[in-house]
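A.B. asks: what shape does this take:
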Amino acid sequence: MVKPSETIARDRERIVRFRDVLQRLLASENGDGDDDLVSEVSVAAGEARRAYARNDGRSFAVQDGICLVPNADPMSHWASLVSANSDLNATKVITSLDLAIGRAQVRFEDAQRNERGVVGVVSAIFRWPTTLRNAVGPSLQQQRAAQTLGILGQIVVAAVGPTLSAAIVQAAVILWQTIFAG
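C.D. replies: Sure thing, here's the model as predicted:
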C-alpha cells in the first residue's frame, strides 16, 4: 500500500532529477550537449511532467519564433531554452522547478505528519480500495477482479469505519469516567 508521503517523495525526486539534468545540459558547451544527455533530459522531462503538475507547477507564456504558447511548462518546452528564437530563459524554468520542489517538500512533511497514529491507520483502511485499483494491470480480467475486490473492500471499510469510530468514542468516554468520576 503506497502512502501519500511515498508518492509525494517520488514526485519530488523526479522534479529534482529533471532540474539537475537540465542544468547539466545548459552548462554543457553551447547548451547542445551530447545525444545521451539530450536523451536523459527528455526521459527526465517525461517522468517529471505529472509530478510537476501535482505540485502546483506553474505554466507561462512562451514566444517561440512566431508561435506563442500560452501554457508552456518546463517539461514540454525545455528544448526552447537552447533556441535563439525563444524568449524562454533558464532562470524562469529553474525557478518554477524549484517552486514545485519546495511545494512537494511541504506536502511531503504534511503527509508524514498525517500518517502517524490512529489517523494514519484509519486513512490506510480507507485508502485500500483505491490502492488496489491503482495496482491492477490493464487486462480486462484483472480490472474485473479488482472491481470485485474493491466493492468487497468498500463494504468492509463501510462496516469497519463506524465501528472503529464508535470504539474510539467509547474508549474516550470510559477514560473520561475513569479519570474524573473515579
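A.B. asks: quick one: name whatever helix or strand follows the worst-scoring helix or strand of the chain on mean pLDDT.
C.D. replies: Across the helices and strands of the chain, mean confidence by mean pLDDT, DSSP states H and E is lowest for helix 117-135: a mean of 60. Going down the chain from helix 117-135, the next helix or strand is helix 140-180, by DSSP states H and E.
A.B. asks: who are the packing partners of that following helix?
C.D. replies: Secondary-structure packing of helix 140-180 (3 or more C-beta pairs under 8 Å, 6 or more residues apart in numbering; DSSP states H and E): helix 117-135. Glycine gets a C-beta too; all of them are placed from N, C-alpha and C.
A.B. asks: what is the nearest residue to K92 once chain neighbours are set aside paired to in the beta sheet?
C.D. replies: Spatial nearest neighbour of K92, chain neighbours left out: F60 (6.6 Å); criterion: C-beta to C-beta, 6 or more residues apart in numbering. Per DSSP bridges, the residues bridged to F60 are A72.
A.B. asks: just give me the neighbour total for S83.
C.D. replies: Residues near S83, counting by other C-beta atoms under 10 Å, number 13.
A.B. asks: let me see the backbone angles for it.
C.D. replies: Dihedral angles of S83 (phi, psi; degrees, to the nearest 10) stand at phi -90, psi 130.
A.B. asks: thought the residue nearest to K92 was touching S96?
C.D. replies: Yes. If you go by C-beta atoms under 8 Å, F60 and S96 touch, sitting 7.3 Å apart.
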